[in-house]
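Student: Sequence plus the predicted model coming up.
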Amino acid sequence: MEKLLVFFMLIPFTLLLLFQPSLDRVEEGREKVVQVAIQRGVERAAIEGYFTEENLEDMYKILGSVGYEKSDIEFKGTLTPTTRGEYIEGSLKVPNHYQFLLFENIVTGEVEEKYHFHSATRMSEFIN
């Protein structure tokens, strides 16, 4: 009976050690995709002078390739034409689903909302 009790006490920590590092690597990769999407979006927006619908759809498509739904993505940025010499800014905020998922569920019992947030700025190249 004692061995069974010890076994059941060690199962959560074994699961934590086995799977949490892999989940963290997955979420780290997703974070890098968010960073690349906003950098690429700002570079394209600098040419046009603002974030166009086509540019936004391209960013949503990139983020959709790693499992984010369009409703999960929060975008803030320059949506009005900006002339050369002024700055274009953009930021993306998406949920962080897997980092510390098992740790919070097993140890604390609560899951706190976490997000990936990346922003980028670039000088506009748009000439009127």
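Tutor: Cool, the structure landed.
Student: going forward, measure contacts between C-alpha atoms and count neighbours the same way
Tutor: Will do.
Student: for this protein, where's the lowest mean pLDDT among helices and strands?
Tutor: helix 101-103 (a mean of 61; mean pLDDT, DSSP states H and E).
Student: Could you check the next helix or strand after that helix and say which residues are buried?
Tutor: Sequence order places strand 115-123 as the next helix or strand after helix 101-103, per DSSP states H and E. Within strand 115-123, the residues scored as buried using 16 or more other CA atoms under 10 Å are 116, 117, 118, 119, 120, 121, 122, 123.
Student: Just give me the closest of those to residue 3.
Tutor: residue 116 (42.3 Å; CA to CA).
Student: bridging residues for the closest one?
Tutor: Going by DSSP bridges, residue 116 is paired in beta bridges with residue 94.
Student: What are the boundaries of the helices in the chain?
Tutor: Assigned helices in the chain, in chain order: 2-48, 53-64, 101-103 (criterion: DSSP state H).
Student: which residues touch residue 51?
Tutor: 41, 42, 44, 45, 77, 78, 79, 80 (CA atoms under 8 Å, 6 or more residues apart in numbering).
Student: how much space is there between residue 11 and residue 48?
Tutor: Residue 11 sits 55 Å away from residue 48, going by CA to CA, to the nearest Å.
Student: higher neighbour count, the two?
Tutor: residue 48 (18 against 11; other CA atoms under 10 Å).
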